[in-house]
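1. Return atomic coordinates for the entry below.
(chains A, B, C and D, ligands or ions: 5)
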Amino acid sequence: ACGTKEEAPKEPGNENPVETPNEEDKETKNLVIYCPHPLEFINPLVSEFETQSGIKVEVIAAGTGELLKRVESEAANPLGDIFWGGSLSTVKPLMNLFEDYTSANEDAVQDDFKNTEGPLTRFTDIPSVLMINTNLIGDVEVKGYEDLLKPELKGKIAMADPSKSSSSYEHLINMLYAMGEGDAEKGWDYVDKFIQNLDGKLLSGSSAVYKGVADGEYVVGLTFEEGGAKYVADGAPVELVYMEEGVISKPDGIYIINGAKNMANAKAFIDFITSKEAQTIIVEKLNRRSVRKDVPAPSYMMPKEDMNIIYDEEDYVVANKNTWLEKFNDIFTDY
Amino acid sequence: MSNSIGVKNAVKRFGDVTVIPDLSIEIKNGEFFTLLGPSGCGKTTLLRMIAGFNSIEGGEFSFDEKVINEIPAHKRNIGMVFQNYAIFPHLTVRQNVEYGLKIRKMEKKAMEKRVDDILDVVKIKEYQDRLPEHLSGGQQQRVALARAIVIHPNVLLMDEPLSNLDAKLRIEMRSAIRDVQKQVGITTVYVTHDQEEALAISDRIAVMKGGIIQQVDAPEKIYTRPYNVFVSTFIGHSNLFHGIVVKEEDGIGVQFMDGTKTCLNTLTDVTPGTKVTVGIRPEEFGLSETGILARVKNKTFLGRYIVYELDLPEDMILPGQSSIEFSQDLGQAEKLYEVGETFFLRPNPSKINVFTEDGEKSLIKDVRWDG
Amino acid sequence: MSNSIGVKNAVKRFGDVTVIPDLSIEIKNGEFFTLLGPSGCGKTTLLRMIAGFNSIEGGEFSFDEKVINEIPAHKRNIGMVFQNYAIFPHLTVRQNVEYGLKIRKMEKKAMEKRVDDILDVVKIKEYQDRLPEHLSGGQQQRVALARAIVIHPNVLLMDEPLSNLDAKLRIEMRSAIRDVQKQVGITTVYVTHDQEEALAISDRIAVMKGGIIQQVDAPEKIYTRPYNVFVSTFIGHSNLFHGIVVKEEDGIGVQFMDGTKTCLNTLTDVTPGTKVTVGIRPEEFGLSETGILARVKNKTFLGRYIVYELDLPEDMILPGQSSIEFSQDLGQAEKLYEVGETFFLRPNPSKINVFTEDGEKSLIKDVRWDG
Amino acid sequence: MAKKRSFTFWSGVTLVIVLIFTLFIVYPLLSLFVSAFRDPETQAFTLENFMKFFSKKYYMRALGNSFKVTTLTTLLAVFIGAPLAYLTTAFKIKGKGLLDILIIISMLSPPFIGAYSWVLLAGRSGVITTFVRNTFGIELGSIYGFGGILLVLTLKLYPYIYMYTKGTLKKVDASLIEASESLGCSGIKKIFTVIMPLITPTILAGGLIVFMNALADFGTPMLIGEGFVVMPVLIYNEFISEMGGSASFAAAIAVILVMVTSVMFVLQKYVVNKKSFTMSSLRPIQAKELKGWKNIAAHVLIYFIVFVSIIPQATVIYTSFKATSGAIFVKGFSLESYRKIFTSLGGPIVNTYKFGVIAIVIIVLLSMFISYLTTRRKSTLTNIIDTLTMFPYIIPGSVLGITLLISFNDKPLILSGTSLIIIVAFVVRRMPYTLRSSAAILYQISPSMEEAAVSLGDSPVKSFFKVTAIMMLPGVLSGAILSWITIINELSASVILYTGDTRTMSVSIYTEVIRASYGTAAALASILTLTTVVSLLLFFKVSGKKEISL
Ligand SMILES: Nc1ncnc2c1ncn2[C@@H]1O[C@H](COP(=O)(O)OP(=O)(O)OP(=O)(O)O)[C@@H](O)[C@H]1O
Ligand SMILES: Nc1ncnc2c1ncn2[C@@H]1O[C@H](COP(=O)(O)OP(=O)(O)OP(=O)(O)O)[C@@H](O)[C@H]1O
Ligand SMILES: [Fe+3]
Ligand SMILES: [Mg+2]
Ligand SMILES: [Mg+2]
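-> Ligands and ions are numbered 1, 2, ... in the order given. Next up, the predicted model:
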């Protein structure tokens, strides 16, 4: 991505104050994408898009949080056009930062993943999973959440602070609904026990989890599918487990930033990313599940039918986000 | 070039310690003026006030009638030799000396010439490329001296500039300073602890004590006719005797406690019977057949003369004097005395000084009070 | 307590500059030994070698026969007064003085007592709680002095300890040092630039020049019977005359270029006709009807005597002398001379010194060469 | 009068500085602090945020943790750094130059990478851990949590003390030490009675730096904290975690941090002022030869410490050559990582050094002026300025970055996306290093030097530049080196502020890190290290200094 930066004379960075920042400009030949995704993830798609459209794409990479904050802070004078990444539950509260747009491929998208809100175009479908280090697990059997309470695993579980990592937050939700058999509030006594078994260890970022498990720092990790799949693909001593008590699978998205300077290009990119060929690349090269009806999951991934897929109550979850996080936090602090 | 210096009612405080209560002096244009006084009496302080480095708590400083209290130090065109040298450690000897000239944008050739000259004068040419840390104390001091003189300032302020030099070198430096000073006509204020030095080079000397000026006068005057006991004892040695003014047939005189009388024609008219303090210098005694009987308690050889420390009857002399001395010139002296021997001494009437009993005021004719 | 100090063939180099080529001295136990010499001659260097602060390029240093080249400074039980004071800026006056005693784990009461005493002696009691930077130069110097003396070291090394004090205070400090030194019996090596001081307090004086010892002797001897012209001119003033040894009826003598003859019985037997250099001090002249004709070129008042700078026939005197001087004791002098007046001078035969023509060696009887 | 004299010039300088500060420090931070007293929704004034903080055990614990770590780190850093500096100054140590370079290198462990290499080494499956486990059957305490953080921070921070102390020791006049020896004092005693007091001001200054650095560091606890939460991590999360927190709460925490440090700062200032005194040193300390076992002991000690502190860097460089498959390291070596980053390298390097140089120049100038003002021209105003300079330093970089972004992203002054804003961030964040050391050394330069210059006709301005400034250089430079190094490694602010063509090395490294591609990250880090060392060597060549620390 960085390779592109030398040229692009009229790059947003040098936007001079005289011009009115929010004016839409169709002539621009470039596009600025804020994106937390790994390079090898972005590159194939971006270069494909560049060759097709002749638009120079510039990727600003950083943590999801940092990028979101940037979008927020730059509202008055946006320097980015597209925010690509971040799970729905993360972005929903900040929807107002993003432009309404419905991609050209909306009809091809699975019903679960339609953009009903306006700005929230779905990008891929990500189940929560357990990641297990096969070197360290020994003969301990891990099929789902229940097994995480085993004393042998005390202190060997990698879980990120849900108040810091969206993937971890998804797991919390997943836990509550899976263990509470559909009633989140019932799930808390499990969470309580589970936290005890964490033995006061709580990582501070999504990546710390899969990295930790892969490096053999932890035996089990609670993470998202692609996070682990990557390592499986790279041949690390890890395997993925889809919780038998139930797996919630949530999409992440791609969004146009309010008053993007390269609005036209942004829209073009969204259309591209949701197109069949792009989604196919994603599935084949990038260990992810497509949001389209016509693109099946990669062969080596457990097909969704074989999982015990369950659902949460979106509005209820959104409503309770803070209470739950605090509750989790309190329980954790008490041990 | 040079200018006169005026100080009116100067006051200096450090915190709540008043170091200079109220001091006034007039230093004439081109004069070589020396501040002499016990350690801690305020010499450096006064000097630094003239230079503009100390805040002024009160009073008025002026160059040629022009008040300078507000003029920053660097605009006063002064040269200063600091008591602690304050040479720039990061510059070589030569660079240190050039410093002031560079600032004055002096033409290269002329500058080199002048620097070379001064380096010769103070005899540190050979070290010109060394850093100060490689110099001996005296050498450092001479760098400081050269650096201050070379700029030919209007006013040259020197704080014990020769204190670390040997007598010989000091005499040479002295005359060097003197020459430059005269030829360029620099008004010079000189602080020293060395009386001989002060006496030798000064046009006038101000004797200070506790921040107060005791006497300002020509060297000879200061030595021969001190205004008060402090000056007479601080500069050179003075033996102090109790005395009573008595009327003699041929004028008035003083009588010592042992009855010896000396009649003086130098006294202001004091009513006979008044108690006085008489100051007699070691060399103002002569040996004779009668007079004050003295016993040699101790003798010290001091080169061109010998100093005898004497035993005298307790009640004759003022208490608390470290010693009573009689000095004998060795050049001609026919007989030397050993410890224990006794002899009679006669004060030299024309020389000795008489003060009020409290020692605050001289009673000698025309010792004026315009100090 | 104290010990003797031996230095054998000491060598000191700074880089490739040899400051001390080959120096040997014996300092007796309890002696007060003074190093005197022109600025930069190596006094401080030698002192620092004895103290153990300078590397030793060669030779052997010993305390009481015991070689100390390898013993670190802090084990030598020395006291040292540094030329630049080197008082601890972070400690108050009192703490500075206590420092050494604390190190020696001295008992509290005794320590306080001793510190109080020394503070009184050097007259800085009133400043005891100040930080050094708030002290005047002389006050700082006295702190340094007190700090070194108070520990009653075996060897006391002082590098111009009084250079910033006024005559009066200096004399007091001197005797203070002297007292402590004698009563505790400290072997003292004293560096000064002040001859009078050296003459007054030293048991023996070593005169140095360019790192080489010129003469080691008792003060009086050094002054009256210098080994060579350098010593005679460096200590006190000496007027140097050309002379030829001549045979008189009553023994041999020297003849000056104007024909004046002075016959001496102090000369070693020198074959008549040899050219010599005659050294005569200003006070070794007497006024008389005949003798060397002199004109007053200049007069300086120096307290107890007047120094006349004289004009003499060029060919009589050695070239390159800053001045030819005759000093007249004021105590008794009946007539003073003005600039321009002339008179006849007679050297005092028993006092004057005669040297080989090159001035390297004295020709006076029993001026030994064991320096 | 001394004050009045140079009224015009210095007050001019003061004015300029005040302007700069109000614009780039007061204004942004004020808006941040104000928001701490705002209700996120209603924007109404409230103490909510603070009450929340003090009411919850979790946060209080974080505060406690922060304190524990910070104070201990500071102490340890002093106990390691100061003695090290003394040994290398007072005695002949073989390979001194090399040591200095290594120590400096150990300072520039880029964020995350440094701590991560500790995981690789001493983590549960770390090289050392497994080695010890397999050979001796001993379980080492893990690198995670309090202990680990302490270790990493200490090793990362003691060099600061080392550099500062070294700078000052060069100013101590040898005759003072000789004096104490002549009084029969030696060894430890000498150190405690003379040397320590003389360098106390500096140590305090350095200590403050370390204290704040440790207090603000969040990279390390992020990576190896494992539930050991500290303040900056809190702020970071509340502010920028992908889960989004309450900005105003974050601000509140920031305010609390600032309060704490301000107190420390004022305290330190107070002590220094009391302990301050001037020394004019003509004869600096000369390194002596150590004899016998002492010599050996000294060498062993020094080399051991330096070795340990260089480990992370070594690991980074080592891993940069390891073969990788995607995100994970595999057996064998390759230049793969380097090949991967090669194309995208040019820009970041150029940027890093371009911004760096500009920033450091500004920093040095400002520091000299400010330190002079605050030590020689004391006044309430200068004191305020002095204190202000420390604020940006303790606010986590990312927070600072965002405050800057918010403040300068709209008319009248739009800096967002420009190089300028990054440079500003560099300057305000990294000035304290240079500033502290400049101030410390000024305390030891006798004013009479400057007076001498003035007496020779120099205006106070000139005399400042020609005498005081030059004599300050040792201290200034030893601080500047730190500023320089930390600038080059600055991440948390730049990551918020950078755009495509203002991307710096450490940003590139970080972006690799968050993509969990540590191979390439290591490669970048190694190159960064290399170039930094080169830049330093160059600097010393130019400035004609023999030794690294001045
Ligand atoms: N910065 C200061 N703070 C407080 N008192 C001071 C300060 N500087 C000097 N003093 C005091 O002021 C008095 C005069 O000091 P000054 O330096 O003028 O003495 P001096 O005449 O130069 O003595 P010396 O001949 O020893 O140098 C001394 O008693 C000294 O203690
Ligand atoms: N560190 C040094 N490096 C080089 N030369 C030095 C060093 N220290 C002293 N010297 C030289 O050695 C010689 C002797 O120095 P020293 O300090 O012993 O002189 P001194 O007799 O004490 O003179 P003064 O009476 O002026 O203090 C001087 O010429 C000096 O320049
Ligand atoms: Fe003297
Ligand atoms: Mg003084
Ligand atoms: Mg000396």
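2. hey, let's count contacts and neighbours off CA atoms from now on
-> Fine.
3. Now the stretch 101-250 of chain B against chain D: closest residue?
-> In the stretch 101-250 of chain B, the residue that lies nearest chain D is B:E133 (5.0 Å; CA to the nearest CA).
4. Tell me if that residue really is in a helix.
-> Yes. Counting by DSSP: H, G, I helix; E, B strand; the rest coil, B:E133 falls inside a helix.
5. so where's the stretch 251-371 of chain B uncertain?
-> In the predicted model of the stretch 251-371 of chain B, residues B:331-334, B:368-371 satisfy pLDDT under 70.
6. For the stretch 101-250 of chain B, which segments are assigned as helices?
-> Using DSSP state H, counting those that start in this stretch, the helices of the stretch 101-250 of chain B run over B:108-121, B:137-149, B:167-180, B:195-201, B:219-224, B:229-234.
7. Repeat that for the stretch 51-200 of chain D.
-> So, for the stretch 51-200 of chain D - with DSSP H, counting those that start in this stretch - the helices run D:57-90, D:96-107, D:113-122, D:127-136, D:145-169, D:174-182, D:187-190, D:196-216.
8. Please name whichever of those is nearest to chain C.
-> Nearest to chain C, of all the helices of the stretch 51-200 of chain D, is helix D:174-182, at 4.6 Å by CA to the nearest CA.
9. re earlier: out of the helices of the stretch 51-200 of chain D, which comes closest to C:F61?
-> Distance to C:F61, taken as CA to CA, is lowest for helix D:174-182 among the helices of the stretch 51-200 of chain D, at 16.5 Å.
10. Compute the number of surrounding residues for the residue nearest to D:R503 when sequence neighbours are not counted.
-> In space, and not counting its chain neighbours, D:R503 is closest to D:P348: 5.3 Å by CA to CA, 6 or more residues apart in numbering or on different chains. Neighbour count for D:P348, taken as other CA atoms under 10 Å in any protein chain shown: 21.
11. out of the helices of the stretch 51-200 of chain D, which comes closest to chain B?
-> Judged by CA to the nearest CA, the one of the helices of the stretch 51-200 of chain D that comes nearest to chain B is helix D:174-182, at 10.9 Å.
12. any bit of the closest one sitting next to chain C?
-> Yes. Using CA under 8 Å from any CA of the partner chain, helix D:174-182 reaches chain C at D:S175, D:L176, D:E178, D:A179, D:S180, D:E181, D:S182.
13. who's in contact with the second one?
-> To tie it back to what came earlier, the one meant is D:L176. C:A86, C:I87, C:F88, D:V194 (CA atoms under 8 Å, 6 or more residues apart in numbering or on different chains).
14. For the residue lying closest to B:E31 once chain neighbours are set aside, which residues count as its bridge partners?
-> Distance criterion CA to CA, 6+ apart; nearest residue to B:E31, sequence neighbours excluded, is B:T187 at 5.0 Å. Counting by DSSP bridges, B:T187 is bridged to B:V155.
15. Repeat that for B:D217.
-> For B:D217, the beta-bridge assignment (DSSP bridges) gives partners B:I205.
16. re the thing from before, out of the helices of the stretch 101-250 of chain B, which is the most enclosed?
-> helix B:137-149 (a mean of 25; mean count of other CA atoms under 10 Å in any protein chain shown).
17. picking up where we left off before, distance to ligand 2 and mean pLDDT for the helices of the stretch 101-250 of chain B - can I get that in a markdown table?
-> Shown next, in a markdown table, are the helices of the stretch 101-250 of chain B (distance: least, CA to the nearest ligand atom, whole Å; pLDDT from 0 to 100):
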| stretch | distance to ligand 2 | mean pLDDT |
| --- | --- | --- |
| helix B:108-121 | 14 | 92 |
| helix B:137-149 | 3 | 89 |
| helix B:167-180 | 10 | 82 |
| helix B:195-201 | 18 | 85 |
| helix B:219-224 | 28 | 90 |
| helix B:229-234 | 26 | 92 |
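18. Indicate which one of those is closest to B:N9.
-> Of all the helices of the stretch 101-250 of chain B, helix B:229-234 comes closest under CA to CA, at 21.6 Å.
19. what's the burial count for the residue nearest to B:E31?
-> Counted with other CA under 10 Å, the neighbours of B:T187 add up to 26.
20. contacting residues for it?
-> Neighbour list for B:T187: B:2-4, B:27-33, B:154-156, B:181 [criterion: CA under 8 Å, 6+ apart].
21. Select from these the one having the most neighbours.
-> Counting by other CA under 10 Å, top hit in these: B:V155 with 29 neighbours.
22. Can you tell me which of the contacts of D:L176 is nearest chain B?
-> Taking CA to the nearest CA as the measure, C:A86 is the one of the contacts of D:L176 closest to chain B, at 11.8 Å.
23. In terms of pLDDT, where does whichever residue of the stretch 201-335 of chain A sits closest to ligand 4 sit?
-> Distances between the stretch 201-335 of chain A and ligand 4 by CA to the ion are smallest at A:S204, namely 65.7 Å. The model reports A:S204 with a pLDDT of 77.
24. I'd guessed it sits against D:F228; true?
-> No. If you go by CA atoms under 8 Å, A:S204 and D:F228 don't touch, sitting 9.9 Å apart.
25. circling back to that earlier point, including distance to C:V122 and mean pLDDT, could the helices of the stretch 51-200 of chain D go into TSV?
-> Converted to TSV, the helices of the stretch 51-200 of chain D look like this (distance: least, CA to CA, whole Å; pLDDT from 0 to 100):
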stretch	distance to C:V122	mean pLDDT
helix D:57-90	34	91
helix D:96-107	45	84
helix D:113-122	60	80
helix D:127-136	65	83
helix D:145-169	32	88
helix D:174-182	19	82
helix D:187-190	26	80
helix D:196-216	26	85
